[in-house]
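[1] Below: sequence and its predicted model.
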Amino acid sequence: MDILNTLGINFKSVIVQGVGFLILLFVLKKFLFGKISALMKERSEGIKSSYAKIEGDKSAVEKMKIDYQVKLAEVETAAAMKIQEAIDEGGKLGEGIVSRAQDEAELIRLKAQEGIEQERKKALTEIRNQVVSLSMLASSRIIQQSINQQTAETLVDDVIKDMEGLSVR
């Protein structure tokens, strides 16, 4: 105890201070540490739930991203199919237009051939009419001249030669 006195430490004061400290510790533990512990526990639970919610949201976002990519791939496939269908339909329409144009060209060609054939028949009819007119003219000349047989034959030969010049194809 001498050492404590030499150092200037009073034993009674140390005991009183120790008992005061224990009382203070008890009061703090009862009123303050319980509330602080509860607040820390509540905060820890809040952080854990926030972290769990963030993880859940993160997995939901990943799932939505995968779903979006799948839907995007489906939309791209559908768009490619529609484009191909449009190309095929355009090809079919083009073929139809070409076919109709060919049919119309063939119809025009046939009408032109019919027109040519009618003009040919008309020309033949006119040529026949001219031959008849020439024959009538030659006959009337023969009758008018009433010459001998040789002159009549010469006139007929001339008419035949004139008709050969009017050849019909």
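    Ah, there it is. Source: prediction; values computed, not measured.

[2] tell me the pLDDT at the residue most central in space within the chain?
    Centroid check for the chain by CA atoms, centre = their mean gives residue 83 as the closest residue, at 3.0 Å. pLDDT, residue 83: 95.

[3] which strands and helices sit next to the helix or strand hosting it?
    Applying DSSP states H and E as the criterion places residue 83 in helix 34-145. On a contact count with 3 or more CB pairs under 8 Å, 6 or more residues apart in numbering; DSSP states H and E, helix 34-145 meets helix 149-165. For every residue, glycine as well, the C-beta is placed using N, CA and C.

[4] Just give me how far the helix it packs on sits from the chain centre.
    80 Å (CA atoms, centre = their mean, to the nearest Å).

[5] How about stretch 13-21?
    Worked out by CA atoms, centre = their mean, stretch 13-21 lies 92 Å from the chain centre.

[6] And for residue 87, the neighbour number?
    If you count neighbours by other CB atoms under 10 Å, residue 87 ends up with 10.

[7] any idea how far it is from residue 79?
    Using CB to CB, to the nearest Å, residue 87 is found at 13 Å from residue 79.

[8] go on, residue 140?
    For residue 140, the distance to residue 79 (CB to CB) stands at 90 Å.

[9] secondary structure class for residue 9?
    Here residue 9 is recorded as coil under DSSP: H, G, I helix; E, B strand; the rest coil.

[10] Could you pull up phi and psi at it?
    Backbone geometry at residue 9, expressed as degrees, to the nearest 10, gives phi -110, psi 130.

[11] Show me where the chain dips below the pLDDT cut-off.
    Along the chain, segments meeting pLDDT under 70 span 1, 4, 142, 144-149, 152, 165-169.

[12] Return the residues in contact with residue 47.
    By CB atoms under 8 Å, 6 or more residues apart in numbering, no residues touch residue 47.

[13] go on, residue 105?
    Contacts of residue 105 by CB under 8 Å, 6+ apart: none found.

[14] same check, this time on residue 51
    Contacts of residue 51 (CB under 8 Å, 6+ apart): none.
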